[in-house]
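>>> any chance you could fold what I've pasted below:
(2 chains)
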Number of protein chains: 2
Amino acid sequence: MGTIVVGYVPKPEGRAALRRAAEEARLRGMRLVVVNSHRGGREFDRDDAIESEAQLDEVRSTLQEAGVEHEVRQLVRGLDPADDLVNVANEVGADIIVIGLRRRSPVGKLILGSNAQRVLLDAPCPVLAVKAGEDEPVE
Amino acid sequence: MGTIVVGYVPKPEGRAALRRAAEEARLRGMRLVVVNSHRGGREFDRDDAIESEAQLDEVRSTLQEAGVEHEVRQLVRGLDPADDLVNVANEVGADIIVIGLRRRSPVGKLILGSNAQRVLLDAPCPVLAVKAGEDEPVE
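Numbers count the residues shown, from 1 in each chain, chains lettered A, B, ... in the order given. The predicted model follows:
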């Protein structure tokens, strides 16, 4: 059974990526591995962990209802999200990685974030990049 | 019927994108619009046009054999490939854009080309990015 790996953050672009990844999993008959990555350290405290866990429960419910075979991995290993995502993709032999893109405009023009760039370049498989708002919700 | 738009250049990353786009078209029951973009100008002469046409004939044969409904558009409008691709995607109401990524290393580190970045940011739909060598050929 093939595997789709998706990077999830509880933001519009993360939810868009998750919905799209669930659709792709159903279309292709693949399972889904959801990667929620935190660098950890001081700024990630007990409250953050509890909130994060609640958000991931919501993810699990959504995927359960959508009938998608899935696994949720919360990683707090001091790594950048790009490294966590690419490592998991390598480990599970991912067929596709799905990421959400956030538009940024630090000097007045749009650029891709460094995490997105690194996933695109380092991924061992094709990467599907979605932006918030361009996906259809899972029924 | 849905539409997949793919950027094609006669290079390994362009062929990888084309093969992958054909697979996606079959999987989703969509048609394929192949965009081959040249800026034109002095450096694009008659010989280039003939060579380019021969390459596109090969593309048409491949897609014909793969049983994918398709259309090939060769654009020589003085635009960057990213603009041509995004314009066509908007025009046809693309569901997905497929692009091939080339690794570049001008200052010793990997970066994404500006065309790829602009397609990712400006695309009206999700973008599937593939690198040469990671796709399976169409049977």
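>>> so residue A:36 makes contact with residue A:71?
No: counting by C-beta atoms under 8 Å, residue A:36 sits too far from residue A:71 to count as a contact (11.5 Å). Quick note: C-beta positions are derived from backbone N, CA and C, even for glycine.
>>> which one of these two has more residues nearby?
In this view residue A:36 and residue A:71 are compared by other C-beta atoms under 10 Å in any protein chain shown, and residue A:36 has more residues nearby, 23 against 15.
>>> residue A:50 - how many residues pack around it?
Residue A:50: 10 neighbours (other C-beta under 10 Å).
>>> now it, what's its secondary structure?
Using DSSP: H, G, I helix; E, B strand; the rest coil, the secondary structure recorded for residue A:50 is helix.
>>> could you check how far it is from chain B?
Applying C-beta to the nearest C-beta, to the nearest Å, the value for residue A:50 to chain B is 33 Å.
>>> cool, and residue A:64?
Distance from residue A:64 to chain B, by C-beta to the nearest C-beta: 24 Å.
>>> give me the phi and psi angles of that residue.
According to degrees, to the nearest 10, the main-chain angles of residue A:64 amount to phi -60, psi -50.
>>> ok, now which ones touch the spatially closest residue to it that is not a sequence neighbour?
In this structure, residue A:64 finds its nearest non-sequential neighbour in residue A:70, 7.9 Å apart by C-beta to C-beta, 6 or more residues apart in numbering or on different chains. Under the criterion of C-beta atoms under 8 Å, 6 or more residues apart in numbering or on different chains, the neighbours of residue A:70 are A:25, A:31-34, A:60, A:63-64.
>>> repeat the analysis, applying 10 Å as the threshold.
A:4, A:6, A:21-22, A:25, A:31-34, A:59-60, A:62-64 (C-beta atoms under 10 Å, 6 or more residues apart in numbering or on different chains).
>>> run through the bridge partners of it.
Residues in a beta bridge with residue A:70, per DSSP bridges, are residue A:32.
>>> now check whatever helix or strand residue A:117 lives in, is it near chain B?
Counting by DSSP states H and E, the element that carries residue A:117 is helix A:114-122. Yes: for helix A:114-122, a contact with chain B is found by C-beta under 10 Å from any C-beta of the partner chain, at A:116-122.
>>> helices or strands up against the helix or strand of chain A with the lowest mean pLDDT?
Ranked by mean pLDDT, DSSP states H and E, the weakest helix or strand in chain A is helix A:46-66, scoring a mean of 88. Counting contacts by 3 or more C-beta pairs under 10 Å, 6 or more residues apart in numbering or on different chains; DSSP states H and E, helix A:46-66 packs against helix A:12-28, strand A:31-38, strand A:70-76.
>>> now those in JSON lines, with mean pLDDT and distance to residue B:10?
Shown next, in JSON lines, are these (pLDDT from 0 to 100; distance: least, C-beta to C-beta, whole Å):
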{"stretch": "helix A:12-28", "mean pLDDT": "94", "distance to residue B:10": "29"}
{"stretch": "strand A:31-38", "mean pLDDT": "94", "distance to residue B:10": "36"}
{"stretch": "strand A:70-76", "mean pLDDT": "93", "distance to residue B:10": "40"}
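>>> between those, which gets nearest to residue B:100?
helix A:12-28 (19.6 Å; C-beta to C-beta).
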